[in-house]
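Trainee: Following is a predicted model, sequence given first.
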Amino acid sequence: MTDDAAWLTVPDFADRLATTASKVREMLREGQLLAVRRGERQTLQIPAGVIVDGERGPEIVHTLHGTLTLLRDAGMDDAECADWLMTDEPELGMSPLDALREGRRAHVRRIAQTLL
């Protein structure tokens, strides 16, 4: 996975989205986001790259939830999802997360479906 700077704790993630930590935890429970326990204190952290600049400010990549559903259906846990999303994919020429950020949902999901 990527370096520590690419990860945010739940409170820091909430601050970036201008929302509350409880709303972020709700999104995690509902499967809209992924989080991994990391670091010396094993804090719950979310990849910062899932935040993009939207028309009304920072928001979560719109296609993340559906992609996570597909990956989880393939049997991946959040750590495996994060690893797959953040590791360069030769067919994409970038990480799947970067491709989602560029709007290449269909290509990312086609590759993800090969994991089933």
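Mentor: Thanks, I have it.
Trainee: what residue lies at the spatial centre of the protein?
Mentor: Among the residues of the chain, the one closest to the centroid is V50, at 4.8 Å (Cα atoms, centre = their mean).
Trainee: surely that one meets I60?
Mentor: Yes. Between V50 and I60 there is a contact under Cβ atoms under 8 Å: 5.5 Å. The way it works is simple: take the backbone N, C-alpha and C, and place the C-beta from them, glycine included.
Trainee: hey, what's in contact with both of these two?
Mentor: Common contacts of V50 and I60 (Cβ atoms under 8 Å, 6 or more residues apart in numbering): L33.
Trainee: In three-state terms, label L97 for me.
Mentor: With DSSP: H, G, I helix; E, B strand; the rest coil as the basis, L97 sits in helix.
Trainee: so how far is D53 from it?
Mentor: 15 Å (Cβ to Cβ, to the nearest Å).
Trainee: Tell me which of those two has more neighbours.
Mentor: Remark: of L97 and D53, L97 carries more neighbours, 23 against 8, as counted by other Cβ atoms under 10 Å.
Trainee: How about the more buried one, nearest residue that isn't a chain neighbour?
Mentor: Sequence neighbours aside, L85 is the residue nearest to L97 in space, at 4.3 Å (criterion: Cβ to Cβ, 6 or more residues apart in numbering).
Trainee: what do you get for L71?
Mentor: Spatial nearest neighbour of L71, chain neighbours left out: C81 (4.6 Å); criterion: Cβ to Cβ, 6+ apart.
Trainee: can I assume L68 sits in a helix?
Mentor: Yes. Membership of L68 in a helix is supported by three-state DSSP.
Trainee: So which bits of the helix or strand harbouring the residue nearest to L97 are buried?
Mentor: Using DSSP states H and E, L85 sits in helix 78-86. Under the neighbour-count criterion of 16 or more other Cβ atoms under 10 Å, helix 78-86 has 78, 80-82, 84-86 buried.
Trainee: No further questions, thank you.
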